[in-house]
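>>> Based on what follows, work out the 3D shape:
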Amino acid sequence: MRFGVKNTPNERSADSNDSGSFERFQPATEMADDSVNHLQSQLNDLQTVMRQQNDMIASLQAAARAQALANTNPKLSFDGSNYTEWENAIDRTLQHVFVRDQTFLNDKQDNFHKLDSLQNKAVAVLMRGTLDDALLLIVESNEITASKDLFELLRSKCKMLGRHHKIILVKKILRFAAEKSPASESWLA
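Numbering: from 1, shown residues only. Prediction:
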């Protein structure tokens, strides 16, 4: 609209509500809308990842609380004498946390590479939390942060191989035989 000049009906029709006002400047917003939509999409993706990570943290915290309450997961002893029991307990915990029907640690496929960085740290914390203090010092001196590397180190150092396992069993039998405890009816039955 032009003030002081008589407007023709065609010029007025360009005015959307026939108010007689000037048309507002509408900048090209397609590019701005595209960038806003792209940023919104990225934000939604990040929020989804954050929700998943928070769910994972909550699951691991629940597993840690359950472990602390029930104390069912054994501490891996320094000599590795309970390695098989420890590995089974860690495997059960990871199966529960990652909602798996099959074993996590002994699969033919490598499940550690599927973990994101937060999950990887959480699994490493779980393993470190179930180690004997002396063994934990050795593990921490190696400065291992990846859960797979930590598990492989523990497996190589602690898993009983043939003779070593038999030596520990013989020591236990000798200690048991040397004890002078009286026999009970349940032992004799």
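
>>> what's the distance between the longest helix belonging to the chain and the middle of its chain?
When secondary structure is assigned using DSSP state H, the longest helix within the chain turns out to be helix 30-70. Chain-centre distance of helix 30-70: 12 Å, with C-alpha atoms, centre = their mean, to the nearest Å.

>>> Could you do stretch 139-156 as well?
Relative to the mean C-alpha coordinate of its chain, stretch 139-156 is positioned 17 Å out (C-alpha atoms, centre = their mean).

>>> Could you do stretch 157-176 as well?
Here the centre of mass of C-alpha atoms in stretch 157-176, compared against the chain's by C-alpha atoms, centre = their mean, lies 34 Å away.

>>> Show which residues not belonging to it make contact with it.
76, 79-81, 83-84, 86-87, 135, 138 (C-beta atoms under 8 Å, 6 or more residues apart in numbering). In this view, the C-beta of every residue, glycine as well, is placed from N, C-alpha and C.

>>> Recalculate using a threshold of 6 Å.
The contact list for stretch 157-176 (C-beta atoms under 6 Å, 6 or more residues apart in numbering) reads 80-81, 83.

>>> would you list these in CSV and tack on distance to residue 104, pLDDT and secondary structure?
Output for the contacts of stretch 157-176, formatted as CSV (distance: C-beta to C-beta, whole Å; pLDDT from 0 to 100; DSSP: H, G, I helix; E, B strand; the rest coil):
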residue, distance to residue 104, pLDDT, secondary structure
80, 20, 81, coil
81, 23, 80, coil
83, 16, 85, helix
